[in-house]
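1. Fold the following.
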Amino acid sequence: MLEDMLAFAIVVEQSSMNKASVQLNLSQPALSRRIAKLEEELGVELFRRIGKRLELTRVGQLTYEYALELRTLHQRYLHTVSGFRSEGVTEVTIGASLTTLQTTLPDFIRLMNEERPDLDIKAVTGKTHEIVSLVRERKVDFGIVASRIQDPQLHCVPLFDDHLVLVAPRNQIVTDRWPLTIEQLNGLPIILFTKGTWYRSLTDEVFEKYKLEPDVRMEIDSFEAILRLLVTCRAATLLPQSYVRPQMLDANELTIVPVRELAETKRTTSLIYAAPSGLSPAVRLWIDNLAATYPTRI
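-> This is a model prediction of the structure:
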C-alpha cells in the first residue's frame with residue numbers, strides 16, 4: 001500500500017494521470033490500476049471523475065494528507081538508513097554514572113547487542129556531573145544518569161522513576177507489623193554502598209530525615225558484593241529498586257522488606273545527549289529506540 005499511497009500523492013499534485021505517470025515512469029493504464037487498487041483496498045472513492053478532470057472527494061483529501069505524512073516519514077526513514085549504511089557505525093560510547101553503571105547500563109548493552117551483535121559498545125563511568133560534562137563536550141555519544149538534568153546545552157529524556165528498597169536475608173526481620181515503619185531501621189545491622197553516588201546521598205538523607213542510627217557494618221562500592229555478604233553478616237541493605245531482580249534475591253536467599261516511607265525516596269533515571277544535529281543518524285536512532293524501551297515505571 002505504501003507505493004500506491006505515494007503514487008496517489010503524485011497524481012493529486014500533478015492534477016493529471018498523464019503527467020503523474022510520466023513522473024512515476026509508469027504507463028497511464030498501470031497508474032490507473034494502481035489508484036483503482038488503492039480505492040478498492042480502502043473501500044472508498046478518492047476521486048470524482050468529471051470528464052478528464054479529477055477532483056478529490058472529502059475522504060480523498062484526508063487520504064492525501066495522510067499520504068504526505070507517510071511520504072515524509074518514509075523519506076526520514078530512508079535518510080536514517082542511508083546514514084547508517086554510509087557511516088558504517090560500529091562503535092557507540094556511553095557515559096554512565098556510578099549508580100546507573102550497575103543498574104541500567106547492563107540492560108542498555110543487552111538491548112543494543114540484541115539488535116546489533118557487531119556493535120562495539122564502550123562505556124565511560126563517573127559521577128553525575130562528570131557524565132554531564134562528557135556529554136556536553138561530545139566525548140561520549142550519550143549518557144545515563146540517576147537524575148533529571150536541566151542544562152540548556154543538553155536534551156534530557158526521563159526513563160523511569162526509581163526508589164530505595166530494604167533488602168535483607170529471609171527470616172532475619174521477624175515482625176507482625178507489615179509494612180515496617182522507617183523507625184524500625186534504627187539499630188538494624190546494615191551494609192551500605194560507599195559515598196559519592198546519588199543512591200548513597202539519598203540513603204544518608206533518609207537517615208538524617210528520620211533521625212535513624214543503623215548499625216553500619218561495612219561500606220562497599222559493589223552492589224553484587226553487598227548482596228553476597230548480607231546472609232554471612234546477618235545484615236540488611238538499601239538498594240535502588242531498579243537493580244533488584246527476583247533471580248538475584250533467590251540466588252542469595254534474600255527478600256525485599258516493605259517499608260512505607262522508602263517508596264517516597266524517588267529519583268528519576270534519565271538519558272542525556274547533546275544537540276541532535278551533531279549526532280550521526282545511527283546514534284540518533286539508538287537514542288530513540290532506547291528511550292522508547294523505558295516507559296516511566298517503578
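2. which ones are touching residue 144?
-> 94-97, 100, 104-105, 108, 131, 159, 269-272 (Cβ atoms under 8 Å, 6 or more residues apart in numbering). Backbone N, C-alpha and C define where each C-beta goes, glycine included.
3. how about the strands of the stretch 101-250 of the chain, start to end?
-> Assigned by DSSP state E, counting those that start in this stretch, the stretch 101-250 of the chain shows strands spanning 120-126, 142-145, 155-169, 189-193, 215-220, 237-240.
4. Out of the ones you listed, indicate the one that is most buried.
-> strand 142-145 (a mean of 28; mean count of other Cβ atoms under 10 Å).
5. For this structure, identify the residue most remote from the centre.
-> In the chain, the greatest distance from the average C-alpha position (Cα atoms, centre = their mean) is reached by residue 51, at 54.4 Å.
6. Give the residue spans of this structure that score low on pLDDT.
-> Applying pLDDT under 70 to the chain flags the ranges 79-90, 173-178, 295-298.
7. gap between whichever helix in it runs longest and the chain center?
-> Secondary structure assigned by DSSP state H gives helix 58-87 as the longest helix of the chain. Taking Cα atoms, centre = their mean, to the nearest Å, one finds helix 58-87 lying 24 Å from the centre of the chain it belongs to.
8. and that helix, what other elements does it pack with?
-> helix 2-14, helix 281-293 (3 or more Cβ pairs under 8 Å, 6 or more residues apart in numbering; DSSP states H and E).
9. With adjacent residues omitted, what lies nearest to residue 30?
-> residue 21 (7.4 Å; Cβ to Cβ, 6 or more residues apart in numbering).
10. so how far is residue 257 from residue 229?
-> 17 Å (Cβ to Cβ, to the nearest Å).
11. Counting neighbours, go ahead and name the busier of those two.
-> residue 257 (21 against 18; other Cβ atoms under 10 Å).
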